[in-house]
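**Student:** Let's see this in three dimensions:
(chains A and B)
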Amino acid sequence: DIQLTQSPSFLSASVGDRVTIICRASQGISNYLAWYQQKPGRAPKLLIHSASALQSGVPSRFSGSGSGTEFTLTISSLQPEDFATYYCQQRDSHPITFGQGTRLEI
Amino acid sequence: EVQLVESGGGLVQPGGSLRLSCAASGFTFSDHYMDWVRQAPGKGPEWVGRIRNKAKSYTTEYAASVKGRFTISRDDSKNSLYLQMNSLKTEDTAVYYCTRDCGALRCNDYWGQGTPVTVSS
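**Tutor:** Residues are numbered from 1 along each chain as shown, chains lettered A, B, ... in the order given. As a prediction, this is how the structure comes out:
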């Protein structure tokens, strides 16, 4: 199975900050990586697919990059509604796997 | 508007069975592969399994942790997805989400609100 390791696991930041979350895959997955945002008590929400493609309706302050084994999710200027947990997901091969999550707090 | 609504969760004893349902609307259900994803308390999401569409003969894939115990099925005439869970274990306790596969974009673009399953004596 392909393992995904996110760093950091916990991130403390302020409104207006620029933050970056890293997701590393245990083997190359081309660009078959998605990012999700989850708020307490809610289902995950798709932010980015294909490593860097912004899902419709997602604010442009979110961006993704990377290919192969290292990927990043960047939020250019944090807004209050962005404080949540973020997960990466690999879609290169079965079983589909998720990272352990990055909790972003004020 | 795409909607996925799960039902059927609840409390069940270890070794028991439960059948989850997901009612889909707002899109052509029969065209899409569908996945079940679960999330144990305080943990990240875990993919459970997938069912493909008629064009791909409704073939299925499962996570190793549930293979042989869980069965995914669908009824395209009812726009419904199912997860039959047998021989349940305490570690199957989680919120179970029905999700739509994005197809060539390789993601899960719509998720239901989830239905909680608790396996406990």
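**Student:** Quick one: residues contacting the residue most central in space within chain B.
**Tutor:** Taking C-alpha atoms, centre = their mean, the centroid of chain B lies closest to B:Trp36, which sits 2.8 Å from it. B:Trp36 makes contact with B:Leu20, B:Trp47, B:Val48, B:Gly49, B:Arg50, B:Ile72, B:Leu81, B:Leu83, B:Tyr96, B:Tyr97, B:Cys98, B:Thr99, according to C-beta atoms under 8 Å, 6 or more residues apart in numbering or on different chains. Placement of C-beta: from N, CA and C, glycine included.
**Student:** Please give me every residue in contact with the residue positioned nearest the centre of chain A.
**Tutor:** For chain A, the residue nearest the mean C-alpha position is A:Trp35 (3.8 Å; C-alpha atoms, centre = their mean). The contact partners of A:Trp35, by C-beta under 8 Å, 6+ apart, come to A:Cys23, A:Leu46, A:Leu47, A:Ile48, A:Phe62, A:Gly64, A:Leu73, A:Tyr86, A:Tyr87, A:Cys88, A:Gln89.
**Student:** The fifth one - nearest residue in space that isn't next to it in sequence?
**Tutor:** Nearest non-adjacent residue to A:Phe62, counting by C-beta to C-beta, 6 or more residues apart in numbering or on different chains: A:Leu47, 5.4 Å away.
**Student:** Can you give me the neighbour number for B:Tyr62?
**Tutor:** Residues lying near B:Tyr62 (other C-beta atoms under 10 Å in any protein chain shown) number 19.
**Student:** Report the separation between it and chain A.
**Tutor:** 8 Å (C-beta to the nearest C-beta, to the nearest Å).
**Student:** which bits of chain B sit near chain A?
**Tutor:** Contact residues, chain B versus chain A (C-beta under 8 Å from any C-beta of the partner chain): B:35, B:37, B:44-47, B:50, B:61, B:63-64, B:97, B:102, B:105-109, B:111-114.
**Student:** Please type out the PyMOL selection for whichever of the residues you listed turn out to be buried.
**Tutor:** The buried residues among the residues of chain B next to chain A can be selected in PyMOL (16 or more other C-beta atoms under 10 Å in any protein chain shown) with this line:
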select buried, chain B and resi 35+37+44+45+46+47+50+61+63+97+102+105+106+107+108+109+111+112+114
